[in-house]
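Asks: Structure, please.
(4 chains)
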There are 2 protein chains.
Amino acid sequence: MARPQKFDRKKVTEKARDLFWKKGYNAVSVQELAQEMGISRSSFYNSFADKDTVFDEVVASYMPISPCAPLEHLKPGDPVIPAIKKMFLDICKNKVVDPEAKGCLMVNNIAGLDQNNAPMKDILQKRMQDIIELFQSVLVRAVGQGELSPEKDLKAIAMYLITLQAGLCLLSKVCPDETMLCSIAEQGFHVFED
Amino acid sequence: MARPQKFDRKKVTEKARDLFWKKGYNAVSVQELAQEMGISRSSFYNSFADKDTVFDEVVASYMPISPCAPLEHLKPGDPVIPAIKKMFLDICKNKVVDPEAKGCLMVNNIAGLDQNNAPMKDILQKRMQDIIELFQSVLVRAVGQGELSPEKDLKAIAMYLITLQAGLCLLSKVCPDETMLCSIAEQGFHVFED
DNA sequence: ATAATTATAGACAATAGTGTACAAAACCAT
DNA sequence: ATGGTTTTGTACACTATTGTCTATAATTAT
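Replies: Numbering: from 1, shown residues only, chains lettered A, B, ... in the order given. Here you go, the predicted model:
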């Protein structure tokens, strides 16, 4: 009945994701964005309300490839602490091999967050909350499985882990040395000890 | 003999610092920068080579007010570990009271770093190196004063501390809750234990 | 095939940003 | 007070970016 879109929304959103990832929300103009997405500005304005809307979809498309995604797929009974440690060491490994050293989309854009941009702040806060809850839920399981002392403050550890993760992603942008990054992560693992 | 500058270079650099701090290097145009500095663009181009040059001076002017500045003034014999802990708790306290939630100038701009901008990358890497060395030097003293086991990998702990600090500064932008931030820092202090 | 509907191309006017260039202004050593 | 020197104001030509608007293109239900 109506003319169909020439582009695949998912694909162009991934293009947008990579651009926002590399340059950050503020440094990307709508012009550049549309160009990178491979669509005209008119198509852009027609299909997306504005930069914010795209960014929201972009963050959603980042989640499955974010460093903590593997924790989502942890099955009951799977050892938790080793999975968390592996996640950190994978960050050290993976961030270093990116020739563009983009770091983490979330970290980069929280750092560049303009507090006057309420929608952006909202998007980022909500996603961070989700990640904290993910960490917390796996930590609960760790305690249940006897991997972690029940004395621990799980909320605090969850937030600590996301803090450490953010710090590591940041460091990777100026210190692309896997060994060094891993030694940082190892220091951070003291938190699991009794 | 020659017409003197109408502006105080130090003062306008501080204005520039606050703008770069709040918005990040990439999001600041020369036009806006000059305006915020209170000088005309012609004065700007006349007195500063370019944005990069200003940014270099800006970072220099940030160091004395950066979160780790207090460690510079530690005297021999002063307890080190308590000073480091205090530094972290001060970050939690201070970042929260900033209504603009600017976070940390260094963290923000490393996150927004475009790897193609070699001069910027260089400026930021060098400063990070300085901070790591500062941490390391006070940790050496901590060991000397019996505050820390000589078994510890001081370089790794130094980098860990800067990582944690970066993470905290980042978190403060989306979680302006002092108690929460402090509980994160407390978790991080496990690194000092035997 | 046609009508209805939506996507896209292209143009538009307006604003913002770039770096440079030149003349006017302001100082101070002599 | 004048000359030499540097700052500063203004203007320039140029490019980038914005959001909107209109005409054309592409589809499908009937």
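Asks: residues near residue A:94, how many?
Replies: Per other C-beta atoms under 10 Å in any protein chain shown, the neighbour tally for residue A:94 reads 12. Where you see a C-beta, it was placed from the backbone N, CA and C, and this is true even at glycine.
Asks: And it, how far from chain B?
Replies: 16 Å (C-beta to the nearest C-beta, to the nearest Å).
Asks: what's the spacing between the closest residue to that residue other than its chain neighbours and residue B:131?
Replies: Among residues not flanking residue A:94 along the chain, residue A:67 sits closest, at 7.7 Å (C-beta to C-beta, 6 or more residues apart in numbering or on different chains). Here the criterion is C-beta to C-beta, to the nearest Å. By it, residue A:67 lies 24 Å from residue B:131.
Asks: before we move on, the earlier item: can I assume the residue nearest to residue A:94 is in contact with residue A:87?
Replies: Yes: contact criterion C-beta atoms under 8 Å: residue A:67 and residue A:87 qualify, at 6.2 Å.
Asks: Quick check on residue A:152: phi, psi?
Replies: Per-residue torsions, residue A:152: phi -70, psi 150 (degrees, to the nearest 10).
Asks: Select the longest helix from chain A.
Replies: The residue-count maximum for a helix in chain A (DSSP state H) belongs to helix A:118-144.
Asks: other SSEs contacting it?
Replies: Contact here means 3 or more C-beta pairs under 8 Å, 6 or more residues apart in numbering or on different chains; DSSP states H and E; on that basis helix A:118-144 packs against helix A:51-62, helix A:69-72, helix A:80-97, helix A:105-111, helix A:154-174, helix B:154-174.
Asks: can you put those in TSV and add distance to residue B:194 and mean pLDDT?
Replies: Shown next, in TSV, are these (distance: least, C-beta to C-beta, whole Å; pLDDT from 0 to 100):
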stretch	distance to residue B:194	mean pLDDT
helix A:51-62	40	95
helix A:69-72	30	97
helix A:80-97	20	97
helix A:105-111	32	98
helix A:154-174	20	98
helix B:154-174	13	98
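Asks: Turn these into CSV, including distance to DNA strand C.
Replies: Formatted as CSV, the helices and strands packed on helix A:118-144 follow (distance: least, C-beta to the nearest atom of the strand, whole Å):
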stretch, distance to DNA strand C
helix A:51-62, 14
helix A:69-72, 30
helix A:80-97, 30
helix A:105-111, 20
helix A:154-174, 23
helix B:154-174, 23
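Asks: Of these, which is nearest residue B:99?
Replies: helix B:154-174 (12.4 Å; C-beta to C-beta).
Asks: Now do that closest one: distance to the chain's middle.
Replies: Offset of helix B:154-174 from its chain centre (C-alpha atoms, centre = their mean, to the nearest Å): 11 Å.
Asks: what about that helix, near chain A?
Replies: Yes: judged by C-beta under 8 Å from any C-beta of the partner chain, helix B:154-174 comes into contact with chain A through B:155-157, B:159-160, B:162-168, B:170-171, B:173-174.
Asks: what's the closest non-adjacent residue to residue A:139?
Replies: Nearest to residue A:139 is residue A:154, by C-beta to C-beta, 6+ apart, at 4.5 Å.
Asks: Now do the longest helix of chain A, average pLDDT.
Replies: Here helix A:118-144 scores 97 as its mean pLDDT.
Asks: Do that helix and DNA strand D come into contact?
Replies: No: counting by C-beta under 7 Å from any atom of the strand, DNA strand D has no neighbours in helix A:118-144; the shortest distance is 13.5 Å.
Asks: How far does that helix sit from its chain's centre?
Replies: For helix A:118-144, the distance to the chain centre is 11 Å (C-alpha atoms, centre = their mean).
Asks: Could I get the buried residue list for that helix?
Replies: For helix A:118-144, burial by neighbour count (16 or more other C-beta atoms under 10 Å in any protein chain shown) applies to A:120-121, A:123-124, A:127-128, A:131-132, A:134-139, A:141-142.
Asks: any residues touching stretch A:65-74, and which ones?
Replies: A:63, A:80, A:83-84, A:86-87, A:90-91, A:94, A:104-106, A:131, A:134-135, A:138, A:141, A:165, A:169 (C-beta atoms under 8 Å, 6 or more residues apart in numbering or on different chains).
Asks: Residue A:70: neighbouring residues, count only.
Replies: Counted with other C-beta under 10 Å, residue A:70 comes out at 13.
Asks: Ok, residue A:39 next?
Replies: Residue A:39: 20 neighbours (other C-beta under 10 Å).
Asks: Likewise for residue A:57?
Replies: For residue A:57, using other C-beta under 10 Å, the count is 17.
Asks: right, and it touches residue A:15 too?
Replies: No: counting by C-beta under 8 Å, residue A:57 stays clear of residue A:15, with 11.7 Å between them.
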